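Asker: need a 3D model of the sequence below.
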Amino acid sequence: MKQYKLYITGILFLILCIACDVNTLDEVKKLDQVVSLVQVGDGTVVLTQGNLIVDKENKLFKKGFGVALSGFETNQGFDVDLELLYNEAPEGCAILTADECFLTLTENSLEKINRLTVPAGVQEKAFYLNLTGAVIDNHPGEVVGVKVKISNLGSYKLNPVDTLFVTLNTADFSSKKIEITDTYFLNSTFQREAGTTTRFAPLADWTSNDGLQSSRPDTGAGYDDNCGYLGIERWGSYDNPIINGKIYQTFTLPKGRYLAEADMKKVAVERDTYLLVGDGADLPNDTQIKTAVASAEITDEWNNKVLPLEFELAAEKEVSIGFLINIENEVQRILQVSKIRLYRLESFFD
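Answerer: Below is the predicted model:
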């Protein structure tokens, strides 16, 4: 049986060989050798923090591309022009200038090039697109783009797909977020004070004033066991009003730019409720909000959203970061927050 199967297989193979009049190897050898851009993909390359090289010394973002020769035969050497078409950015993108982006031969070179030599015996050669730090400064919050083109090939055939778009969203590169929450905040997830068992209780490690604690005189306020984190509410007229209620932590921050973020949960507030950065060891009252280092008003639109608050310190400073709450006349009003975070913001070239 085994010999029979081998016999049948041999006959089928012979039939296929006779039926096929194409010598695959010969046909491959006859194919045109084509010069193409490398890393073209679908025709657009989106630059991200993950695929760029950051040159801090020269304040440049760099991305490697390449030109390659396909085909069976070894490359005999060729030259090709490289060009940036500044006025042909994709739709919706801001255009760049020659002062904002240029091409170089190597990652470490600053010499601008417009032609690339691929020597004999080498099938591909890299080149680098360089974007200056001015791109971020000149186009804040914009998507910028440029077209890369190869042309004027010295020999061989040029791939008809001889261009690619390169885009970058400057909003993704305005600064680096370095989380420093645990360096400064204690109990950033708003857990209850140790030893408490009631539904409402003070938060561990957070400072709160009488305006907040008097809303729950029997148990203290800040933590709500119904949600498991910061929960302040005035649900009925039987609950005491909250006037300039404050809950915060105080520490000293170095000079620099910062971002505080609060993970808001249920938000149904009345008036003058804020995430604040106070100057010194307290938060301002509702009539003194302008004296705060920074403030973000909390309204119902922040329900189940992340509330950001960016601020800058010109010198080392003691600050207090936390919440000012006013629920004075209305009922069924609530503020819940599950976590707070703090970031230091740095330039990509710092």
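
Asker: residue 179: neighbour count?
Answerer: Residues lying near residue 179 (other Cβ atoms under 10 Å) number 12. Every C-beta, even on glycine, is put in place using the N, C-alpha and C of the backbone.

Asker: once you drop chain neighbours, what's closest to it?
Answerer: Nearest residue to residue 179, sequence neighbours excluded (Cβ to Cβ, 6 or more residues apart in numbering): residue 343, at 5.4 Å.

Asker: distance of the one you found from residue 91?
Answerer: Using Cβ to Cβ, to the nearest Å, residue 343 is found at 34 Å from residue 91.

Asker: do the same with residue 98
Answerer: Taken as Cβ to Cβ, the span from residue 98 to residue 91 is 22 Å.

Asker: which one of those two is surrounded by more residues?
Answerer: When residue 98 and residue 91 are compared for neighbours, residue 98 comes out ahead with 9 against 5, by other Cβ under 10 Å.

Asker: my guess is the more buried one contacts residue 85, does it?
Answerer: No. Counting by Cβ atoms under 8 Å, residue 98 does not reach residue 85; the two are 11.3 Å apart.

Asker: restrict stretch 149-161 to CA atoms and write it as CSV.
Answerer: What follows is stretch 149-161, C-alpha atoms only, in CSV (Å, rounded to 0.1, in the frame of the first residue of the first chain):
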residue,chain,number,x,y,z
LYS,A,149,9.2,61.8,-2.1
ILE,A,150,11.9,59.9,-4.0
SER,A,151,12.7,60.7,-7.6
ASN,A,152,15.3,61.0,-10.3
LEU,A,153,16.6,57.5,-9.9
GLY,A,154,20.1,57.0,-11.5
SER,A,155,19.3,53.4,-12.5
TYR,A,156,16.8,50.6,-12.1
LYS,A,157,13.0,51.2,-12.1
LEU,A,158,11.2,53.4,-9.6
ASN,A,159,8.2,52.1,-7.7
PRO,A,160,5.1,54.0,-8.8
VAL,A,161,4.3,54.5,-5.1
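
Asker: what ranges do the helices span in the stretch 251-350 of the chain?
Answerer: Assigned by DSSP state H, counting those that start in this stretch, the helices in the stretch 251-350 of the chain number zero.

Asker: where along it do the strands fall?
Answerer: 256-268, 271-279, 294-297, 306-313, 317-327, 333-346 (DSSP state E, counting those that start in this stretch).

Asker: nearest to residue 229, of these?
Answerer: strand 333-346 (4.5 Å; Cβ to Cβ).

Asker: neighbouring strands - and their directions - for that closest one?
Answerer: Strand 333-346 pairs in its sheet with strand 176-179 (antiparallel), strand 229-234 (antiparallel), strand 256-268 (antiparallel), by DSSP bridges.

Asker: show me how far whichever helix or strand comes after the shortest one is from its chain's centre.
Answerer: Downstream of strand 176-179, the next assigned helix or strand under DSSP states H and E is helix 181-184. Average the C-alpha atoms of helix 181-184, do the same for its chain, and the two points are 21 Å apart (Cα atoms, centre = their mean, to the nearest Å).

Asker: so which of the strands of the stretch 251-350 of the chain gets nearest residue 59?
Answerer: strand 333-346 (13.5 Å).

Asker: buried set for that closest one?
Answerer: 333-345 (16 or more other Cβ atoms under 10 Å).

Asker: and stretch 71-91, by the same measure?
Answerer: Quick answer for stretch 71-91 (16+ other Cβ under 10 Å): 71, 75, 78, 80, 82-84, 89.

Asker: ditto for stretch 293-307
Answerer: 293-296, 298, 302, 307.

Asker: ditto for stretch 155-174
Answerer: 156, 159, 162, 164-170, 173.

Asker: before we move on, the earlier item: you'd agree the residue nearest to residue 179 is up against residue 253?
Answerer: No. Applying Cβ under 8 Å as the test, residue 343 and residue 253 come out as separate, 11.6 Å apart.

Asker: show me what residue 321 is bridged to.
Answerer: residue 249, residue 277.

Asker: what residues does it make contact with?
Answerer: 185, 248-249, 260, 275-278, 340, 342 (Cβ atoms under 8 Å, 6 or more residues apart in numbering).

Asker: since we're on residue 200, how many residues are nearby?
Answerer: 20.

Asker: so what sits opposite it in the bridge?
Answerer: With DSSP bridges as the rule, residue 200 is bridged to residue 224.

Asker: with residue 231 instead?
Answerer: residue 222, residue 336.

Asker: now residue 84
Answerer: Legend: beta-bridge partners of residue 84 under DSSP bridges are residue 148.

Asker: could you check the pLDDT of residue 216?
Answerer: On pLDDT, residue 216 comes in at 94.

Asker: spatially nearest residue to it (excluding sequence neighbours)?
Answerer: With Cβ to Cβ, 6+ apart, the residue lying closest to residue 216 is residue 200, at 4.7 Å.

Asker: all strands for the stretch 101-250 of the chain, in order.
Answerer: 101-104, 115-118, 124-132, 143-151, 157-158, 163-169, 176-179, 200-201, 207-208, 222-224, 229-234, 242-253.

Asker: in strands, which of the buried residues of stretch 71-91 fall?
Answerer: 78, 80, 82-84 (DSSP state E).

Asker: what about residue 140, neighbour count?
Answerer: 9.

Asker: give me the nearest residue to it, chain neighbours excluded.
Answerer: Nearest to residue 140 is residue 170, by Cβ to Cβ, 6+ apart, at 6.1 Å.

Asker: hmm, the one you found is touching residue 133, no?
Answerer: No. Using Cβ under 8 Å, residue 170 is not in contact with residue 133; the gap is 10.7 Å.
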